[in-house]
Structures are given as structure tokens and as C-alpha cells.
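*Asks:* Give me the fold of what follows.
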Amino acid sequence: MTNPDPTPHPETTLEHYPWIIVRFRCTRCRRYGDARLARLAEKFGAAETIASLVERFRGACPHRPAKRNGRVVHHKQPCGGYCPDLGSTVPPDLPPSLSGLRLIEGGKGDMLPAEPKAPRRRRRVGAYE
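*Replies:* Okay, here's the model as predicted:
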């Protein structure tokens, strides 16, 4: 069975994940992790979703809710763990040379006119004055 949508989303299983590398990032504590798809499928199974892997990544975050004396202590900033490749159509492991050229808006018509340089006067050395 093929995945009809090639862009990954949180409910994409490892079986249908389109790229070799699965990246995880946290916006709060700067943690990050990259994992190979085959290793994740071997460890957790091919039916594991990206959302459940992100929750596993958040489990080791220092900003997760902690239990102290039976009470849950919430931090001011919750964990910011996410997978940056969800919804992207560009693979994370694509070399820059294979990504092709990009068209940048603007061009020669948007450039400001430059003032002409003053002509450089040459002097003769040793000439009669």
C-alpha cells in the first residue's frame, strides 16, 4: 500500500515516512536528535507514528511536567519538541548542490542607479611643467 500524500504529517507511520533521516528539535532547551529511519523502525516497529516518536523525544526534556511528592509540577515554559520535517516537501538530507537554483525576487531593474566614479587623473612624473 502506498501513501497517497508524500509530505509527512504527525500521523505518518515509519513505514510511509518518505526520507532516510528523521529529525527532532526542541525550541526551549536547544536539544536535537537525528535518527535513521531503519533504526527507528527496527527499535519501535514500522507502525509507529511520528507523533508518538515526538512524544518520546519530549519525555527526556527538562521542561516536561515533573512529579514531586505526588503532585505534578508544571514549568512556565512547556517542552517545545517537534519534528521540523513535517509538512515539508524537501528532504532533510538532500545535498545543497542537488536542490537546484532558486529564483530571488527583484533583479537588475530593482537596483538603485550608482553614481559614476570621478575620472582618475593621471600625472606624468618627470614631465616639464
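*Asks:* what's near enough to touch the residue sitting nearest the centre point of the chain?
*Replies:* Centroid check for the chain by CA atoms, centre = their mean gives P84 as the closest residue, at 5.1 Å. For P84, the contact set (CB atoms under 8 Å, 6 or more residues apart in numbering) comprises R23, R25, P92. All C-beta spots, glycine's among them, are computed from the backbone N, C-alpha and C.
*Asks:* G33 now?
*Replies:* G33 sits in contact with R23, F24, F57, where contact means CB under 8 Å, 6+ apart.
*Asks:* need these in JSON lines with distance to L98, can you?
*Replies:* Output for the contacts of G33, formatted as JSON lines (distance: CB to CB, whole Å):
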{"residue": "R23", "distance to L98": "18"}
{"residue": "F24", "distance to L98": "24"}
{"residue": "F57", "distance to L98": "28"}
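*Asks:* pLDDT-wise, what's the bottom of these?
*Replies:* For those, the weakest pLDDT value sits at F57, with 90.
*Asks:* How many residues are close by it?
*Replies:* By other CB atoms under 10 Å, the residues close to F57 number 21.
*Asks:* Do a quick rundown of the strands in this protein.
*Replies:* 21-26, 32-36, 66-68, 71-73, 81-82 (DSSP state E).
*Asks:* what's the model's confidence in the second one, averaged?
*Replies:* I take that to be strand 32-36. pLDDT averaged over strand 32-36 gives 92.
*Asks:* In its sheet, which strands sit next to that strand, and in what direction?
*Replies:* strand 21-26 (antiparallel) (DSSP bridges).
*Asks:* who's in contact with the strand it pairs with?
*Replies:* By CB under 8 Å, 6+ apart, strand 21-26 touches 14, 31-37, 40, 50, 53-54, 57-58, 61, 79-85, 91-93.
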